[in-house]
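**Student:** Okay, predicted coordinates and the sequence, questions at the end:
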Amino acid sequence: MKSKHFQYPAVDEREPILIGARNLKMARSAHAYVRGNTLQFYEWLDALDVGVLPEGPPIWICGDCHVGNIGPIADAEGRIEIEIRDLDQTVIGNPAHDLVRLGLSLASAARGSDLPGVATAQMLEQMIEGYEQAFDAPDGKVAADIPQTVHFAMKQAAKRSWKHLARERIEDTDPIIPLGKRFWPISDAEKQDIVLLFETEQVHQLATMLRSRADDAAVQLLDAAFWMKGCSSLGLLRYCALLGVGGPSFADMDMCLIDVKEAAKAAAPRCAAVEMPSDDARRVVEGARRLSPFLGERMRADHLLDRPVFIRELLPQDLKIEISAMSHDEAGKAARFLAAVVGKAHARQMDEGTRTGWRMELSRSRSKTLEAPSWLWSSVVDLLVSHERGYLEHCRKHASAANVSAAPRLRSAL
């Protein structure tokens, strides 16, 4: 099925359209700009003097720890936890970088909710407290009140089925991926490599490991398409594949959607004295296993078209937490809870002595009147100012369709 209104670009024409779509998406709001513009954050980190931020123990960090990258994740048995859900930028680095990035995201969301400045200060206080409390029980449940937005996402996740996922992602439960604004046709070379990819043993195991599927069940590639999805991934290889597990007829098959995503070189700062996988897809998968076990166990690393890619089955329970309008009280709860999720992901990688030392380091530079450390407060304020300026300049440059090449196709794609 093809869209009557969208002109599909050739393979060598995709990049400018994808980049243009990303620019327009980032212009929608200041918070969208913060989420999509990781490069400005890393440039800020690179320009910092040594000692401005505390130097934490070298562990796997998210590297792009904003609100939209945390949400419900299901494991192979269907259990659901709130975990970090996007690990494209994961590296072995300084855990303080995740805290500053999360603080910036939360502060930007608070500004978007028209909350007063004091709410931002209190959010950062709640954030650091929630993060530290996670270190008291790194293997247990997050001991923080669940905010309404997270509670709603968890309820939705628990109720969702394959039909919900199919209707949301591919608009139908038939064994095809309908071409249109989000899904584009692939070339013969892409199709050939995708077929070879799904014939490998490790991808076969990925397709059969969930929902009590038989290990020796037949796995058949039913359809595949280029996927215009996300913000940071726009401009990279991204494919959606529809597999049938079991058989022999469509009626007997268990359908599954597979996300194949190119792993680009991480821009997040990494610790120089530690070894990390040199292959970017293996880096992403290893970081996911350390930070988000439910997600990491469902991921595999491979190559497609001579580029590193990581592969995972999309599950109905995997959802993004969307924070739009927040009350003052809800903002504090959200900051505390989400920081506790990040704290748990960090703490499980440390032994007891390392956890104690890191908590002591975090407590430095706290004043008697502000619970949030001064390094966190000043970092978030500086970043808010620079990102607000960058956002306005971005809008001036990209938001007007007259200034964007291929504007009609961009508007259709969005």
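**Tutor:** That came through fine. It should be emphasised that the depicted structure is a prediction, and the values quoted were computed from it without experimental measurement.
**Student:** Quick one, grab the pLDDT at the residue most central in space within the chain.
**Tutor:** For the chain, the residue nearest the mean C-alpha position is Asp86 (2.5 Å; CA atoms, centre = their mean). Asp86 is assigned a predicted lDDT (pLDDT) of 92.
**Student:** and if you look at the one 10 residues further on?
**Tutor:** In this prediction, Ala96 carries a pLDDT score of 96.
**Student:** Repeat that for Arg366.
**Tutor:** pLDDT, Arg366: 64.
**Student:** on that earlier part again, who touches the residue nearest to the centre of the chain in this structure?
**Tutor:** Cys62, Asp64, Gly68, Asn69, Ser232 (CB atoms under 8 Å, 6 or more residues apart in numbering). Every residue, glycine included, has its C-beta placed from N, CA and C.
**Student:** what about 10 Å?
**Tutor:** 62-66, 68-71, 230, 232-233, 261, 284, 288, 292, 295, 320 (CB atoms under 10 Å, 6 or more residues apart in numbering).
**Student:** isn't Ala267 right up against Asp64?
**Tutor:** Yes: using CB atoms under 10 Å, Ala267 is in contact with Asp64, at 8.9 Å.
**Student:** Between these two, tell me which one has more neighbours.
**Tutor:** Asp64 (26 against 18; other CB atoms under 10 Å).
**Student:** Now that one: which helix or strand?
**Tutor:** For Asp64, there is no enclosing helix or strand under DSSP states H and E.
**Student:** you'd agree it is up against Thr90?
**Tutor:** Yes: using CB under 10 Å as the test, Asp64 is close enough to Thr90 to be in contact (8.3 Å).
**Student:** list residues touching both of these two?
**Tutor:** Ile84, Asp98, Ala266, Ala268.
**Student:** Most neighbours out of those residues, which is it?
**Tutor:** Neighbour-wise, the shared contacts of Asp64 and Thr90 (other CB under 10 Å) top out at Asp98, 28 neighbours.
**Student:** and of the shared contacts of Asp64 and Thr90, the nearest to Pro308?
**Tutor:** The closest of the shared contacts of Asp64 and Thr90 to Pro308 turns out to be Ala266 (CB to CB; 11.6 Å).
**Student:** hmm, back to that, got any residues that touch both of Ala267 and Asp64?
**Tutor:** Joint contacts of Ala267 and Asp64 (CB under 10 Å, 6+ apart) are Thr38, Phe41, Tyr42, Asp88, Gln89.
**Student:** dump the residue contacts of the first one.
**Tutor:** What that stands for is Thr38. Contacts of Thr38 by CB under 10 Å, 6+ apart are Gly63, Asp64, His66, Asp88, Gln89, Arg101, Cys231, Ser232, Ala266, Ala267, Ala268.
**Student:** Can you tell me the element the residue nearest to the second one when sequence neighbours are not counted falls in?
**Tutor:** Ranked by CB to CB, 6 or more residues apart in numbering and with sequence neighbours excluded, the top spatial neighbour of Asp64 is Gln89, at 4.1 Å. Secondary-structure assignment from DSSP H and E places Gln89 in no helical or strand segment.
**Student:** I figured Gln89 hits Leu45, correct?
**Tutor:** No: using CB under 10 Å, Gln89 makes no contact with Leu45, being 11.9 Å away.
**Student:** between the two, who's got more neighbours?
**Tutor:** Higher neighbour count among Gln89 and Leu45: Gln89, with 26 against 21, using other CB under 10 Å.
**Student:** For Ala267, see how far away that one is.
**Tutor:** From Gln89 across to Ala267, the span is 7 Å (CB to CB, to the nearest Å).
**Student:** same question, Ala273
**Tutor:** Counting by CB to CB - Ala273 and Ala267 are separated by 19 Å.
**Student:** Which pLDDT does the model give Leu236?
**Tutor:** As predicted, Leu236 sits at a pLDDT of 83.
**Student:** Would you mind confirming that it makes contact with Ala263?
**Tutor:** Yes: with contact defined as CB under 10 Å, Leu236 counts as touching Ala263 (8.5 Å).
**Student:** Show me which of those two is the more surrounded one.
**Tutor:** Neighbour count, other CB under 10 Å: between Leu236 and Ala263, Ala263 has more, with 23 against 16.
**Student:** Wait, that one touches Val309, no?
**Tutor:** Yes: assessed by CB under 10 Å, Ala263 is found in contact with Val309 at 6.3 Å.
**Student:** what touches both of these two?
**Tutor:** Both Ala263 and Val309 are contacted by Leu236, Leu237, Asp280, Ala281, Val284, Ala301, Asp302, His303, under the criterion CB under 10 Å, 6+ apart.
**Student:** ok, these vs Val381, which is closest?
**Tutor:** Val284 (31.5 Å).
**Student:** That closest one belongs to a helix?
**Tutor:** Yes: when DSSP: H, G, I helix; E, B strand; the rest coil is applied, Val284 is found to be in a helix.
**Student:** ok, now which ones touch it?
**Tutor:** 86-91, 261, 263-264, 266, 277, 296, 299, 301, 308-310.
**Student:** re earlier: shared neighbours of Gln89 and Leu45, which are they?
**Tutor:** His97, Arg101, Ala267, Ala268.
**Student:** number of nearby residues for the second one?
**Tutor:** Think Arg101. Neighbours around Arg101, by other CB under 10 Å: 28.
**Student:** Excluding chain neighbours, what is closest to it?
**Tutor:** Cys65 (4.5 Å).
**Student:** Quick check, that neighbour in contact with Asp98.
**Tutor:** Yes: between Cys65 and Asp98 there is a contact under CB under 10 Å: 4.0 Å.
**Student:** what is in contact with these two at once?
**Tutor:** In terms of CB under 10 Å, 6+ apart, Cys65 and Asp98 are both contacted by the residues Ile84, Thr90, Ala268, Leu291, Ala339, Val342, Ala345.
**Student:** Can you verify the third one is assigned to a helix?
**Tutor:** It stands for Ala268. No: looking at Ala268 with three-state DSSP, it is coil, so not inside a helix.
**Student:** In space, what's closest to it - neighbours in sequence excluded?
**Tutor:** Nearest to Ala268 is Gly63, by CB to CB, 6+ apart, at 3.3 Å.
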